[in-house]
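Chemist: Here you go, sequence then predicted model.
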Amino acid sequence: MAGAGLQYFVPNTIEAFTLASSLCVILFISIWGLIMVCYLRYRKLQPELHERSTFNMPGGVWMSYVVLVFLFFALIILSLEPDTLKALIVSPLWVILLTITYRLLYLPRIRKSAALEQA
């Protein structure tokens with residue numbers, strides 16, 4: 001259904017495919033960027049837990065920064081082409097949609113669950 005909707009708004013099939021695949025790449029980059037930032041924050045706030053961990057990221061902190069620079073470079077490359085630039089411009093809408101969904105659907109359930117546990 002989403003493909004049919006995209007085809008309605010973007011009649012050119014190749015352009016629609018490029019938009020969809022570019023958006024997926026941008027969201028993938030965003031997720032991995034978030035993972036790297038969370039790892040850096042974890043290392044900073046709880047180094048003792050990291051020392052006891054059975055898995056240590058190869059390269060540790062500096063490799064996280066290398067990955068973040070690489071991901072940023074990939075976003076710059078995506079911004080150079082007009083087709084992929086459209087996806088880069090549209091991608092913040094996904095974050096807004098996720099935020100709205102989180103606040104409307106997920107937070108009320110968490111609050112209700114917490115209220116039931118306290119009662």
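Modeler: Happy to help now that I have it.
Chemist: Show me what the strand or helix carrying Leu71 is in contact with.
Modeler: Following DSSP states H and E, one finds Leu71 within helix 60-78. Helix 60-78 is contacted by residues 22, 25-26, 29, 32-33, 36-37, 39-40, 43, 57, 59, 84-85, 87-88 when judged by CB atoms under 8 Å, 6 or more residues apart in numbering. Placement of C-beta: from N, CA and C, glycine included.
Chemist: where are the low-confidence patches of this protein?
Modeler: Filtered on pLDDT under 70, the chain yields the residue ranges 1-11, 119.
Chemist: max-length helix in it?
Modeler: Across the chain, the longest stretch assigned as helix under DSSP state H is helix 13-45.
Chemist: chain center to that helix, what's the gap?
Modeler: Distance, stretch centre to chain centre, for helix 13-45: 4 Å (CA atoms, centre = their mean, to the nearest Å).
Chemist: Check stretch 98-113 too.
Modeler: Computed by CA atoms, centre = their mean, the chain-centroid distance of stretch 98-113 equals 19 Å.
Chemist: Stretch 92-108: how far from the chain's middle?
Modeler: Going by CA atoms, centre = their mean, where stretch 92-108 is centred and where its chain is centred differ by 13 Å.
Chemist: likewise stretch 12-29?
Modeler: That offset, for stretch 12-29, works out to 15 Å (CA atoms, centre = their mean).
Chemist: and if you look at stretch 73-80?
Modeler: Offset of stretch 73-80 from its chain centre (CA atoms, centre = their mean): 16 Å.
Chemist: can you check stretch 71-79 too?
Modeler: Counting by CA atoms, centre = their mean, stretch 71-79 is centred 14 Å from the centre of its parent chain.
Chemist: what do you get for stretch 47-66?
Modeler: 21 Å.
Chemist: Would you mind checking the contacts of helix 60-78 for buried ones?
Modeler: With neighbours counted by 16 or more other CB atoms under 10 Å, the contacts of helix 60-78 contain buried members at Ser22, Val25, Ile26, Ile29, Gly33, Met36, Tyr39, Thr84, Ala87, Leu88.
Chemist: on that earlier part again, got a list of contacts for whichever helix or strand comes after the longest helix of the chain?
Modeler: Proceeding C-terminally, helix 13-45 gives way to helix 47-52 as the next helix or strand, assigned by DSSP H and E. Outside helix 47-52, the residues that touch it by CB under 8 Å, 6+ apart are Tyr42, Arg43, Asn56.
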